[in-house]
Each structure stands twice: as C-alpha cells, then as structure tokens.
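Colleague: below is the sequence, then the predicted model.
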Amino acid sequence: GRHFVLPYFEQVEVRQCVQIPPGKIGVVTSKVGKEPSGSRILAEDDEKGIWRRVLTPGSHRLNPYGYTVEIQDAVVITPGYVGFVTGKLGTPTTNRFSRAGEQGAREQILQPGIYYINPYELRVMAVEVGINQVTFAPPGGEPFARSTVAADAVDLFFEEGQTKAQRAPRAAPVARQVGKSSMNWLYDSRSREQKEEADRIIASNVQRQIAQQGVSEVKSVRDEKAKQKTAPDAITFPSSDAFIISLDATIEWELLPAYVPEVMVEFGDVTAIEDKIIIPQSQSIGRLQGSTFKAKDFLLGEHREQFQAVFRNTLSSICREKNVVIHSAFIRNIMLPESLLTPIRERYISVEKEKTAKIQEVTRKSAAQLQREKSLIVQRRQEVEAQTLALVNLVQADQNLIAEQMDATTRKLVAEKQVEIAQLDAARAVALGEAQADVKRMQGEAEAQGFALKVKAFGDAQSYTRYQVARLLPADLRVNIVHTGDGTLWTDLEKTAGTVSAGTILSGKQQPPPRPAAK
C-alpha cells in the first residue's frame, strides 16, 4: 500500500513476503517476544522460540529481522498407507499410548491426505495397510521376491511420468512370483493396452486429487528394503515315519488401520510382522503339525486337506492375537523323497489299473445290457405299433357302425315324419272339402231364401218372373203396335219400319241392358 514516512527520521527496506509453496510448510523461529514459561520447547505466537503453529502454503508477511522461516515438506499420506503419529515433546507417557503433551506413540492414526504438522512436535511414519503376501521359496527352486499390494498401488499412482522401460525393473520381481494376490489377478488378466490405460487413469486421478489440495509433486514412500527381500526358505520337517518333507506356501495377510498403533508399538515396523510372526510361526506350525502326519498322508487328498486346515487355522489364531488378519494360507507344492514316491506311485498305479480293469468290465457288462435293452425296446415298439393298429381298426369299425346306426335312425325318423305329414295333409283336404261343401250349401240356402223372399214380396212366382223380364228390357225400348193385313208379320214389317230397319232388326242382335246387382 501507500505509506507516508518521513525519510529524515525513518528508513524503509522493501523485502519479499514469505512464500510457502504447495506441499510445504513453514516452521517459524521467533527472535522477539517473551520467554516460554516452564520447560516448553515450542512457543506460542507471542513468545520467543520455535512456534508450535506452522505456516501453510501461501503468502505470509513476517519481519525478516524478527522471524526466520524454515521451509519443510508437509506430511503426505498416500493411498494404501496410514500415518502413525509419535509425540516428540513433553513428559514421557506411562501408558501404552500417549496423549497430547506427552512423548510416545499416539493411538490416533492419520488417513490418506495432506497434513500440516510441526516436525519438531510430532513424527509421522507412513505405515502400509491392506493385503500383503508372503511366498515361501519352492522346494529346490530359486527364491521369489515378496510383494505387497499397497506398495504396487503406490508405484502405479506416482510413476505416470516414467516410460515403460523405466517401469520394467520394478515389475520384474513381481512377474517372477508364482502366487498372485486376490487383488492382482484381475489386473494381470487384462491386455497390455488395457493395463497401460488403467495405469495412466489411476495415476492421473490420484495426482489430480492431491494437486487440488495444494501438492504439486509427491514422491513414493515405498520401503526399498521390502523390494530387495527374498522369499523365505521352504518349510522343511521330518514326518512321523522319518521322511524329510519340504513344502512352500503362500500366505495373504492384512494389517487393518485400526490395529496399526498396536502393531507399531509392539514390532516397530510392518516388515517385522513377517519376520517376527508370519514366517517363524508358519515354519513352526509346519514342523510341529507336519511331524504328526506320515509321509504318504501328504499324497492323499483327505489327509492333505486336514493338514492344510490345521496349518491355516493355527496360523490365523496366532496372528489374530497379534492384531494381524490372515486371509489365506495355501500350501502349494510338497516335495517328498523319491525313495518314498516310487513304491507309493507304483502301488497307486497298480490300484488305479485294477480300478480301471473293473470299470472296463463293468463297461462291457453295461454295453451288453445296453444291447439287450435296445432289442427289448425294438420288440416293445413293434408290439405297441401292432396294438395301436388293432385299436385303430377297432375304433374305426365302431365309428362306422355308429354312423350306419345313426343313418338308419335318421331315415326311420324321416319316414315317420313323412307319414305324419301325409296324415295331416289328408286331414287338411277333408277339412277343406267339408268347409267348401258347407260354404256352397250355405250359399245355396242363402240364395234360395233370397228368391223365396223376393217371390213372397211380389206375391207369387209369376209376378216375380214378369219383374225379371221387365228388368232385362232395355230402357229405350219402343213398343209399336202394327196392324197387319192379310199377310204375315214379316211381310208387313217393311211397310212399318222400312227395308233397312227391318233388315237391321232381323240381322242385328241388340245387347240386353246390364243386370242389376243382387240385393
């Protein structure tokens, strides 16, 4: 900013601010202030000495003549690890774990992430967690390097910039292993392109997540000593019948984050778990339990599974007391003396040959029985076909008989119905004849009664006849009275009506007037 200072009395010196880069912390040593009370080593912000509070990444304005800043690395816990915290200042604790202000191991652990912790107050050790694997060297074979799943994951996370040739030396010891952990088998089953793409994505995601928290570069914290260790020797012990037995095993174990403080206080290092618990106990259990079995028992499935179960359960029980989880303890190869294997092998071969001969005999008997069964099947099929054909014919005959019976019954019913119809027609004809005769009779009677009434009305039949004759005469009838002379009617007709009229009268036929309807 802008400051108004009188240069005759005050001098101004411009210095840069204290810059703490990402992934670093600043440890401040104060040259001014009051003295810390008591025997405290770390001072508060208003006291002289090394501050308990550290500077986080960023810009800080501190007077360089009153304060000095020492830049150190922040505590970075990478995936697959937890932070084991140990107090460096304070009074020594009298308990198993220390509290704030005491020296000793802390019960609380740090999960993966970035922590800004004063290195003069607390010491943080990155402890590997997750599934680890111990593989004993095979009997008579070259030793195999031990590997851990978490260490391999760390290399994948923070070696994105390396080329394939640079990663090859690291991957070579792992490739020589015979056993594979339960988390690596899926990774190894993929193609080369898929592996490279998965490595790139995993490393990119992890670096991006850590970079978002203010860290630009983080180095791998894998223990280099674990890479250089070779697998322990094969477990060798005498059997109950004095034969030397050698075997190798693959043990997968896991240190849970909750048990890290207990294990670190007791053993001091994760690799000590293998050197002080897993390897010695595996060899001890193999010798103690293996010496109770005969040499040939390791060839038989039942006894071998029994030894495998005893070995796994005993090792799991012992490691559980030490807060170590055993996921699997698999015995892979068992080396027996050739002097023992030869007679046992020959005996088992002879037994298997005998079993094979018996099975072949059973097979031949089964083949003969099969042939007989096939012949019986053919015979039975023919019998069934003949019976089926007979049943079909019988059913067909029954169907034909039923059809003929139904046809005859139908014809009989039709004839009976036709007879009934003829009878009904005859009855109808009789009834119609009688009705028509009655109608005609009644009509005749009605007409006779009508004539009788008409005759009665005129008084007698002759009057009625004259009425009928008069009714039939035309309306324009003229009556001429002609007096004839000596001749006949025909000779005098011409004189009266003329020749033409006479001819017309004689030749023409005059239509009678219409007859009135009967009343």
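Modeller: All right, it came through fine.
Colleague: and Val134, what element?
Modeller: Element membership of Val134 [criterion: DSSP states H and E] is strand 130-135.
Colleague: so what strands line up beside that strand?
Modeller: strand 147-148 (antiparallel), strand 244-255 (antiparallel) (DSSP bridges).
Colleague: just the mean pLDDT for the first one, thanks.
Modeller: Across strand 147-148, the average pLDDT comes to 36.
Colleague: output the below-cut-off pLDDT ranges for the stretch 101-250 of the chain.
Modeller: 139-229, 231 (pLDDT under 70).
Colleague: go with 80
Modeller: 101, 137-233 (pLDDT under 80).
Colleague: can you classify Ala475 as helix, strand or coil?
Modeller: Of the three states, Ala475 takes coil under DSSP: H, G, I helix; E, B strand; the rest coil.
Colleague: and it, backbone torsions?
Modeller: phi -80, psi -30 (degrees, to the nearest 10).
Colleague: state the pLDDT value of it.
Modeller: Reading off the model, Ala475 has pLDDT 79.
Colleague: look up how far Ser246 lies from it.
Modeller: As judged by C-beta to C-beta, to the nearest Å, Ala475 and Ser246 stand 164 Å apart. From N, CA and C alone the C-beta is placed, and that goes for glycine too.
Colleague: the more surrounded of the two?
Modeller: Counted by other C-beta atoms under 10 Å, Ala475 and Ser246 do not tie: Ser246 has more neighbours, with 20 against 5.
Colleague: test my guess that the more buried one contacts Asp233.
Modeller: No. With contact defined as C-beta atoms under 8 Å, Ser246 does not count as touching Asp233 (9.1 Å).
Colleague: picking up where we left off before, now the strand holding Val134 - C-alpha only, PDB.
Modeller: The C-alpha coordinates for strand 130-135 follow below in PDB (Å, rounded to 0.1, in the frame of the first residue of the first chain):
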ATOM      1  CA  GLY A 130      -4.000 -53.600   3.000                       C
ATOM      2  CA  ILE A 131      -3.400 -57.100   1.800                       C
ATOM      3  CA  ASN A 132       0.100 -58.300   1.800                       C
ATOM      4  CA  GLN A 133       1.600 -61.600   0.600                       C
ATOM      5  CA  VAL A 134       4.400 -63.800   1.700                       C
ATOM      6  CA  THR A 135       5.500 -66.600  -0.600                       C
END
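Colleague: gap between it and the chain center?
Modeller: 34 Å (C-alpha atoms, centre = their mean, to the nearest Å).
Colleague: same question for stretch 311-319.
Modeller: The answer for stretch 311-319 is 38 Å, by C-alpha atoms, centre = their mean.
Colleague: check stretch 299-315 too.
Modeller: 38 Å.
Colleague: list the buried residues for it?
Modeller: Leu299, Phe307, Val310, Phe311, Arg312, Thr314, Leu315 (16 or more other C-beta atoms under 10 Å).
Colleague: list the buried ones in the helix or strand where Gln103 lies?
Modeller: Under the criterion of DSSP H and E, Gln103 resides in strand 102-110. Of the residues in strand 102-110, Glu102, Gly104, Ala105, Arg106, Ile109, Leu110 count as buried by neighbour count, 16+ other C-beta under 10 Å.
Colleague: show me what contacts the third one?
Modeller: Neighbouring residues of Ala105 by C-beta atoms under 8 Å, 6 or more residues apart in numbering: Phe84, Val85, Thr86, Gly87, Arg96, Phe97, Ser98, Pro261, Met264, Val265.
Colleague: inside strands: which ones of these?
Modeller: Phe84, Val85, Thr86, Gly87 (DSSP state E).
Colleague: please list only the buried members of the residues you listed.
Modeller: Phe84, Val85, Thr86, Gly87.
Colleague: now the residues you listed as JSON lines including distance to Phe330 and pLDDT?
Modeller: Output for those, formatted as JSON lines (distance: C-beta to C-beta, whole Å; pLDDT from 0 to 100):
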{"residue": "Phe84", "distance to Phe330": "30", "pLDDT": "90"}
{"residue": "Val85", "distance to Phe330": "36", "pLDDT": "91"}
{"residue": "Thr86", "distance to Phe330": "36", "pLDDT": "89"}
{"residue": "Gly87", "distance to Phe330": "41", "pLDDT": "88"}
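Colleague: with the residues you listed in mind, which one is nearest to Ala397?
Modeller: Of all those, Ala397 sits closest to Phe84, with 101.0 Å by C-beta to C-beta.
Colleague: that closest one contacts Ile109, correct?
Modeller: Yes. Phe84 is in contact with Ile109 according to C-beta under 8 Å; the separation is 6.2 Å.
Colleague: so what sits against both of the two?
Modeller: Common neighbours of Phe84 and Ile109 (C-beta under 8 Å, 6+ apart) are Val127, Val260, Pro261.
Colleague: so the second one makes contact with Gly130?
Modeller: No. Distance between Val260 and Gly130: 11.4 Å, which falls outside the contact criterion (C-beta under 8 Å).
Colleague: so those two - more neighbours on which side?
Modeller: Higher neighbour count among Val260 and Gly130: Val260, with 24 against 20, using other C-beta under 10 Å.
Colleague: what sits closest to Pro92 if chain neighbours are left out?
Modeller: Gln103 (4.8 Å; C-beta to C-beta, 6 or more residues apart in numbering).
Colleague: picking that back up, in CSV: the strands paired with strand 130-135, plus distance to Trp51.
Modeller: What follows is the strands paired with strand 130-135, written out as CSV (distance: least, C-beta to C-beta, whole Å):
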stretch, distance to Trp51
strand 147-148, 38
strand 244-255, 35
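Colleague: among those, which is the most enclosed?
Modeller: Mean neighbour count (mean count of other C-beta atoms under 10 Å) peaks for strand 147-148 among the strands paired with strand 130-135, with a mean of 24.
Colleague: just to revisit the earlier point, looking at the buried residues of stretch 299-315, which are in helices?
Modeller: In helices, defined here by DSSP state H, the members of the buried residues of stretch 299-315 are Phe307, Val310, Phe311, Arg312, Thr314, Leu315.
Colleague: what are the bridge partners for the residue lying closest to the last one once chain neighbours are set aside, then?
Modeller: Read it as Leu315. Closest residue to Leu315 apart from its sequence neighbours, by C-beta to C-beta, 6+ apart: Ala329 at 5.2 Å. Beta-bridge pairing of Ala329 under DSSP bridges involves Ile251.
Colleague: then the one 5 residues further on?
Modeller: Using DSSP bridges, the bridge partners assigned to Ile334 are Leu247.
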